[in-house]
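Novice: Got a predicted structure plus its sequence, pasted below:
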Amino acid sequence: MAGIYIHIPFCKTRCIYCDFYSTTESQLTSPYINALCKELELRKDYLGNKPIETIYLGGGTPSQLSHAELEKIFNTIKKYYDISNVQEITMEGNPDDLTPNYLSMLRTLPINRLSIGIQTFQNSMLKKLNRRHTSDQAIQAVKDAREHGFKNISIDLMYGLPYETMSEWENDIQRAIDLNVEHISAYHLIYEKGTLLYKKLIEGFIQEVDEDFSLQSFTKLINILTKNGFIHYEISNFAKPGKIAQHNTSYWTGKKYLGCGPSAHSYNGLTRAWNVSSLHQYMIQIKANNLNQEVENLDITTQYNDYIITSLRTMWGLSLETLQTKFGETYYNYILKLAKKHINSGNLELKNNNLKLTKKGVFISDGIMSDLLFIE
């Protein structure tokens, strides 16, 4: 099985923290959709005719698209790919876009999962982050989505926000729980170079929260959500039983995926490829039937390192049997040797020939994974 990721780069406004490729040039939406569908046609053989299991529309803001534009994308996928086994089709959306009329329109399409970018229920913080919606709009969007028949709803939250108190973070978590959503993704705010947020940090207008507060916030998140029936299945992701995000899980379990649109990444097991991060250049290239992607050939060491980084993020951990079969004795003995100290310290556990992070180890996961990488 394989997945398809569709990048929709258009936003009404840019959030100050976002470093994903996006643009406010909404007048280019129509020609972009034409180029996107052309890329889907040009790359129809990339996945080796494997059946598609998941489709994900991310951005940017996919909820800026019209019915006709979304329908054209789905018709193109249906024409060139085997979608007979598709189980999950996710679309990201902004709360203020998800009006009752828009949700009614979405129900006429094959979308069966919504990922709603809420980030926080604090109105003052939403303004500081340059989010377009209010707390009330976020709550109403989830309620309206439920009333329109969406049975699989995910929301995004963000913590480690400047000057956020623990009580405010706890309130965000509780309001998310009260909405009875099936899935919650929670990410620590990152000050990415090139963003307006990073500029404000460097110029001294805001300051980062300290490491202890970040750890306390993450601990609070895990404890509250797990007590309320959520499975902590990946470092930043929590799901009700049976509602684990299938598309995103494919990234962590090594499944193949095709990414279309500017800046989109693809993986076929042997190579990684990514498109140019420019809407204009992307459309020029596609018009000339020229993908002009950057491609990285994955040698055995890179594949091993990828396996470590992705699999250890999840509750399933990594299979030593798979590692031994796929990478051989050298890498198998290497990881056993380096994992030993983390097992002894209680940060990793070895059970049923699977190596995975303990609850304690999750908090220092980056350091553990770094230790297990193979450096030539």
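Specialist: Yep, that arrived.
Novice: can we go C-alpha only for contacts and neighbour counts from here?
Specialist: Fine.
Novice: Verify the stated contact: residue 238 with residue 177.
Specialist: No: at 11.3 Å, residue 238 does not count as touching residue 177 under the criterion of CA atoms under 8 Å.
Novice: my read: residue 360 touches residue 347, true?
Specialist: Yes: with contact taken as CA under 8 Å, residue 360 and residue 347 are classed as touching, separated by 5.7 Å.
Novice: Name the residue in these two with the higher neighbour count.
Specialist: Taking neighbours as other CA atoms under 10 Å, residue 360 and residue 347 compare with residue 347 leading, 20 against 12.
Novice: Quick check, pLDDT for the more buried one.
Specialist: What the model reports as pLDDT for residue 347 is 96.
Novice: Skipping adjacent residues, who's closest to it in space?
Specialist: residue 361 (3.9 Å; CA to CA, 6 or more residues apart in numbering).
Novice: Count the residues that sit near that neighbour.
Specialist: Residue neighbour count, defined by other CA under 10 Å, stands at 19 for residue 361.
Novice: List the contacts of it.
Specialist: Applying CA atoms under 8 Å, 6 or more residues apart in numbering, we find residue 361 in contact with 346-348, 368.
Novice: Any chance of a PyMOL selection covering the buried ones in the residues you listed?
Specialist: Those of these that count as buried under 16 or more other CA atoms under 10 Å are selected in PyMOL with:
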select buried, resi 347+348+368
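Novice: which one of the contacts of residue 361 is nearest residue 95?
Specialist: The shortest separation between residue 95 and any of the contacts of residue 361 is 37.0 Å, and it belongs to residue 368 (by CA to CA).
Novice: Now tell me what touches the helix or strand hosting that closest one from outside.
Specialist: For residue 368, the enclosing helix or strand under DSSP states H and E is helix 365-372. Contacts of helix 365-372 from elsewhere in the structure, counted by CA under 8 Å, 6+ apart, are 308-309, 312-313, 335, 338-339, 342, 357, 361.
Novice: Now those in JSON lines, please, with extra columns for distance to residue 131 and secondary structure.
Specialist: Below are the contacts of helix 365-372 laid out as JSON lines (distance: CA to CA, whole Å; DSSP: H, G, I helix; E, B strand; the rest coil):
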{"residue": "308", "distance to residue 131": "35", "secondary structure": "helix"}
{"residue": "309", "distance to residue 131": "31", "secondary structure": "helix"}
{"residue": "312", "distance to residue 131": "33", "secondary structure": "coil"}
{"residue": "313", "distance to residue 131": "29", "secondary structure": "coil"}
{"residue": "335", "distance to residue 131": "44", "secondary structure": "helix"}
{"residue": "338", "distance to residue 131": "44", "secondary structure": "helix"}
{"residue": "339", "distance to residue 131": "42", "secondary structure": "helix"}
{"residue": "342", "distance to residue 131": "41", "secondary structure": "helix"}
{"residue": "357", "distance to residue 131": "35", "secondary structure": "strand"}
{"residue": "361", "distance to residue 131": "34", "secondary structure": "helix"}
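Novice: Could I get the contacting residues of residue 233?
Specialist: Counting by CA under 8 Å, 6+ apart, residue 233 touches 239, 244, 314-316.
Novice: Quick check on these: which are buried?
Specialist: With neighbours counted by 16+ other CA under 10 Å, the contacts of residue 233 contain buried members at 239, 244, 314-315.
Novice: Out of those, which comes closest to residue 34?
Specialist: residue 244 (32.4 Å).
Novice: quick one, helices of the stretch 101-250 of the chain?
Specialist: For the stretch 101-250 of the chain, the helices defined by DSSP state H, counting those that start in this stretch cover 123-128, 135-147, 166-178, 196-202, 211-227, 246-252.
Novice: Check those for me: which has the lowest mean pLDDT.
Specialist: Ranked by mean pLDDT, the helices of the stretch 101-250 of the chain end with helix 196-202 in last place, scoring a mean of 86.
Novice: contacts for the one helix or strand in the chain whose mean pLDDT sits lowest?
Specialist: For the chain, using mean pLDDT, DSSP states H and E, the weakest element among its helices and strands is helix 196-202, scoring a mean of 86. With contact meaning CA under 8 Å, 6+ apart, helix 196-202 is reached by 16-17, 191-193, 206-208.
Novice: Mind checking which of the residues you listed are buried?
Specialist: Buried by 16+ other CA under 10 Å: 16-17, 191, out of the contacts of helix 196-202.
Novice: Dump those residues to JSON lines, plus pLDDT.
Specialist: JSON lines is the format used below for the buried ones among the contacts of helix 196-202 (pLDDT from 0 to 100):
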{"residue": "16", "pLDDT": "76"}
{"residue": "17", "pLDDT": "81"}
{"residue": "191", "pLDDT": "85"}
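Novice: Go through the residues you listed and say which is closest to residue 6.
Specialist: Where those are concerned, and distances follow CA to CA, residue 6 has its nearest neighbour in residue 17, at 21.7 Å.
Novice: Check which helix or strand that closest one maps to.
Specialist: When elements are defined using DSSP H and E, residue 17 is found to belong to no helix and no strand.
Novice: before we move on, the earlier item: ok, residue 238 and residue 177, which is more surrounded?
Specialist: residue 238 (25 against 18).
Novice: give me every residue that touches that one.
Specialist: 183-185, 225, 230-232, 244.
Novice: ok so, going back, next, show the common contact partners of residue 238 and residue 177.
Specialist: Common neighbours of residue 238 and residue 177 (CA under 8 Å, 6+ apart) are residue 225.
Novice: what ranges of the stretch 201-350 of the chain fall below the confidence cut-off?
Specialist: Judged by pLDDT under 70, the stretch 201-350 of the chain has no weakly predicted residues.
Novice: now the strands for it?
Specialist: 231-234, 237-239, 256-260, 265-267, 271-274, 294-297, 318-319, 348-351 (DSSP state E, counting those that start in this stretch).
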